[in-house]
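In: dropping the sequence and predicted coords here.
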Amino acid sequence: MDINFNKNEDYNKLLLSELNNRLAKVSLGGGKSRIEKHHAKGKMTARERIDYLFDAKSKSIEIATFAGEDMYIEHGGCPSGGVVVKIGYVKGKQCIVVANDATVKAGAWFPITGKKNLRAQEIAIENRLPIIYLVDSAGVYLPMQDEIFPDKEHFGRIFRNNAIMSSMGITQIAAVMGSCVAGGAYLPIMSDEALIVDKTGSIFLAGSYLVKAAIGESIDNETLGGATTHCEISGVTDYKAKDDANALDTIKSIIDKIGDYDKAGFNRSEIKKPKENPEDIYGIIPKSRADQYDMYEIIKRLVDNSEFDEYKAGYGQTIITCYARIDGWAVGIVANQRKLVKTKKGEMQFGGVIYNDSADKATRFIANCNQKKIPLIFLQDVTGFMVGSKSEHGGIIKDGAKMVNAVSNSVVPKFTIIIGNSYGAGNYAMCGKAYDPRLIVAWPSAELAVMSGNSAAKVLLQIEKASLEKKGEKITPEKEAELFNKIKDRYDNQVSPYYAASRIWTDGIIDPLDTRKWISMGIEAANHSPIEKQFNLGVLQV
């Protein structure tokens, strides 16, 4: 191994260490003292409930762990968006679980909480996965009600989705394990089956204080909407559980009896680990986002037996297209080549840039994968499309539009891994969040933005200088450097993978070694949902 490999490895393992430290912190939710108070009530935490529910020693992936990070600071923060979402296995069946974290503001809904719940339901709908709600929430966070209550993608959309999923035959099970108030009371009751935990669970449109204020009736919360009331008087809930464990055991029993599902029929064969050591990835990915590397070496460490069949190997070389297997699943890979390449005409093409020929190749390959019913994997490290007179005269906009068209209309499931740069229109063409990947995750080395921090800072600096000079201010070289660094620092914070993850622009930041697991579980989830539409590019300028 050369010295650069060792430097890269040290740097990327530091990024991984930071990731693990952040994960450990966010897993504490509202903090140790609040967890202790939660336990004192005889209740498990959201994460403990999910761990108990999932099959022992089975795989799982967590969606949007960093939702809300460094947001709502003036309100005390909202770790993980106040809700934990995981995909895992219950009695051998893949399910998605949504659990309110009552250690965070009593499980109240912030704007990001609503977005995260909707993302969980979107995953359930796209993949027809059974969804389990573990409810323990005080309802909408009132100081921010205007950002969570009335709009199309706000709180009310949750219940609309409950109804849509019910009509689609997607299993929904809800367990009320704490508070379930106001509009939130509709969620468990719009599920197929609802459980409630005795003494700790309660459901009502208005609590005892509001009832007293509204109609003058004096009543305690347990009589108003406790387990006995709803299981024996109102009939609102279907099962009464003595404690959290009993409720979760009941859910396991219900899931255990669900029949098999219609499959999409994606091809899977014997699982083989990569021949090349996946841990080499840490040394291959360069410390600087501007440095080049060979994407083939990354692919070899992600695919089964380190084997792949390349499509149009000598054409459009700044995008690699190939067929391979990941954890036994047949996949089509579209990856940005990050190494400087030489064309047959002797021209040099920059790595990470999409040229006319590479866009054309990717479009054709995406169409082939759709015809063969092969899921698509996008490995992003892209700075954008090639600019300049030669590219413009060659119709780069048209070729780029073809690729975007193919990605947009693709009917096979798509999965996006942001390895490095994800800039501008390159993000779109390589299946960014706007193009409905079933799952989209970033490595710690990722950056998401319109352009790099360095490029953006140069553009913004010119605008700032012009504005100050108009006001008669003289810009010295020292002042210019100060302005540049200030702008770049602010912009660099926004290109961080954590900034994107906190806003659920991605489903998470993962250890590169977990990539195969995410893709495999994602395809398994997608296999629950047969493809019902034909691939059609619509009107396409040839």
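Out: Nice, I can see it.
In: how far away is residue 257 from residue 160?
Out: As judged by Cβ to Cβ, to the nearest Å, residue 257 and residue 160 stand 28 Å apart. Glycine gets a C-beta too; all of them are placed from N, C-alpha and C.
In: neighbour count for the two, which is higher?
Out: residue 160 (13 against 7; other Cβ atoms under 10 Å).
In: just confirm residue 444 is within a strand.
Out: No: looking at residue 444 with DSSP: H, G, I helix; E, B strand; the rest coil, it is coil, so not inside a strand.
In: where's the nearest residue to it once chain neighbours are set aside, which helix or strand?
Out: Spatial nearest neighbour of residue 444, excluding adjacent residues (Cβ to Cβ, 6 or more residues apart in numbering): residue 15 at 3.7 Å. Assessed by DSSP states H and E, residue 15 sits inside helix 3-26.
In: and the contacts of that helix?
Out: 65-66, 69, 79-80, 281-287, 444-445, 498, 509, 511 (Cβ atoms under 8 Å, 6 or more residues apart in numbering).
In: would you map the strands across the stretch 401-542 of the chain?
Out: 414-423, 439-442, 447-449 (DSSP state E, counting those that start in this stretch).
In: in helices only, show me the contacts of helix 3-26.
Out: Mapping the contacts of helix 3-26 onto helices (DSSP state H) picks out 281, 282, 283, 284, 498.
In: can you tell me which of those comes closest to residue 215?
Out: Using Cβ to Cβ, residue 498 comes nearest to residue 215 of the ones in helices among the contacts of helix 3-26, at 47.8 Å.
In: quick one: contacts for that closest one?
Out: Contacts of residue 498 by Cβ under 8 Å, 6+ apart are 22, 66, 69, 70, 509.
In: retrieve the pLDDT associated with residue 47.
Out: Residue 47 is assigned a predicted lDDT (pLDDT) of 98.
In: shouldn't residue 536 be in contact with residue 409?
Out: Yes: counting by Cβ atoms under 8 Å, residue 536 touches residue 409, with 6.1 Å between them.
In: more crowded one of those two?
Out: residue 409 (18 against 9).
In: which residue, other than its chain neighbours, is closest to that one?
Out: Among residues not flanking residue 409 along the chain, residue 537 sits closest, at 5.6 Å (Cβ to Cβ, 6+ apart).
In: just send the contacts of residue 498 back as TSV, with pLDDT too.
Out: Listed next are these as TSV, based on pLDDT from 0 to 100:
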residue	pLDDT
22	97
66	98
69	94
70	92
509	98
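In: re earlier: and the strands of the stretch 401-542 of the chain as a markdown table, adding distance to residue 188 and mean pLDDT?
Out: Formatted as a markdown table, the strands of the stretch 401-542 of the chain follow (distance: least, Cβ to Cβ, whole Å; pLDDT from 0 to 100):
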| stretch | distance to residue 188 | mean pLDDT |
| --- | --- | --- |
| strand 414-423 | 32 | 96 |
| strand 439-442 | 27 | 98 |
| strand 447-449 | 36 | 89 |
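In: residue ranges with poor pLDDT in this protein?
Out: Along the chain, the model assigns pLDDT under 70 to residues 1, 183, 451-453, 540-542.
In: quick one: residue 248 is in a helix?
Out: Yes: counting by three-state DSSP, residue 248 is part of a helix.
In: buried ones in stretch 2-16, by neighbour count?
Out: By 16 or more other Cβ atoms under 10 Å, the buried positions in stretch 2-16 come out as 8, 9, 11, 12, 15, 16.
In: that one: how far from the chain's middle?
Out: Offset of stretch 2-16 from its chain centre (Cα atoms, centre = their mean, to the nearest Å): 26 Å.
In: alpha carbons only: can I get it in CSV?
Out: C-alpha atoms of stretch 2-16 as CSV (Å, rounded to 0.1, in the frame of the first residue of the first chain):
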residue,chain,number,x,y,z
ASP,A,2,1.3,3.5,-0.8
ILE,A,3,1.5,6.5,1.5
ASN,A,4,-1.6,8.1,0.0
PHE,A,5,-3.6,4.9,0.7
ASN,A,6,-2.5,5.1,4.4
LYS,A,7,-3.3,8.8,4.6
ASN,A,8,-6.7,8.2,3.1
GLU,A,9,-7.4,5.3,5.4
ASP,A,10,-6.5,7.4,8.5
TYR,A,11,-8.7,10.2,7.3
ASN,A,12,-11.8,8.1,6.4
LYS,A,13,-11.6,6.1,9.6
LEU,A,14,-11.6,9.4,11.5
LEU,A,15,-14.8,10.3,9.6
LEU,A,16,-16.2,6.9,10.6
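In: distance of residue 517 relative to residue 507?
Out: Counting by Cβ to Cβ, the gap from residue 517 to residue 507 is 13 Å.
In: er, residue 275 I mean
Out: From residue 275 to residue 507 the distance is 29 Å (Cβ to Cβ).
In: compare those two and say which is more crowded by neighbours.
Out: Neighbours were counted for residue 275 and for residue 507 using other Cβ under 10 Å; residue 507 has more, 28 against 12.
In: now the helices: where do they sit in the stretch 51-200 of the chain?
Out: 111-127, 156-168, 186-189 (DSSP state H, counting those that start in this stretch).
In: before we move on, the earlier item: nearest to residue 528, out of the strands of the stretch 401-542 of the chain?
Out: Nearest to residue 528, of the strands of the stretch 401-542 of the chain and by Cβ to Cβ, is strand 439-442 at 14.0 Å.
In: for that closest one, name the packing helices and strands.
Out: strand 414-423, helix 497-502, helix 515-526 (3 or more Cβ pairs under 8 Å, 6 or more residues apart in numbering; DSSP states H and E).
In: reformat the ones you listed as TSV; add distance to residue 429.
Out: Compiled in TSV, the helices and strands packed on strand 439-442 are given as follows (distance: least, Cβ to Cβ, whole Å):
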stretch	distance to residue 429
strand 414-423	11
helix 497-502	18
helix 515-526	20
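In: follow-up on the earlier one: among the helices of the stretch 51-200 of the chain, which is nearest residue 317?
Out: Nearest of these (Cβ to Cβ): helix 111-127, 33.1 Å.
In: okay, the angle between the closest one and helix 515-526?
Out: Using axes from the mean of the first three to the mean of the last three Cα atoms, to 10 degrees, the direction of helix 111-127 lies 60 degrees away from that of helix 515-526.
In: buried stuff in helix 111-127?
Out: 111-121, 123-127.
In: do stretch 161-175 as well
Out: 161, 162, 165, 170, 171, 172, 173, 174, 175.
In: could you do stretch 25-38 as well?
Out: Neighbour-count burial for stretch 25-38 [16+ other Cβ under 10 Å]: 26, 28, 29, 30, 34, 35, 38.
In: with just CA atoms, put that stretch into PDB.
Out: Only the C-alpha atoms of stretch 25-38 are listed here, as PDB (Å, rounded to 0.1, in the frame of the first residue of the first chain):
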ATOM      1  CA  LYS A  25     -25.200  10.500  21.100                       C
ATOM      2  CA  VAL A  26     -28.400  10.500  19.100                       C
ATOM      3  CA  SER A  27     -29.400   7.000  20.300                       C
ATOM      4  CA  LEU A  28     -29.800   8.500  23.800                       C
ATOM      5  CA  GLY A  29     -32.800  10.600  22.600                       C
ATOM      6  CA  GLY A  30     -33.700  13.100  25.200                       C
ATOM      7  CA  GLY A  31     -30.800  12.100  27.400                       C
ATOM      8  CA  LYS A  32     -30.100   9.600  30.200                       C
ATOM      9  CA  SER A  33     -32.100  11.400  32.900                       C
ATOM     10  CA  ARG A  34     -35.200  11.300  30.700                       C
ATOM     11  CA  ILE A  35     -34.600   7.700  29.900                       C
ATOM     12  CA  GLU A  36     -34.500   6.900  33.600                       C
ATOM     13  CA  LYS A  37     -37.800   8.700  34.200                       C
ATOM     14  CA  HIS A  38     -39.300   6.800  31.300                       C
END
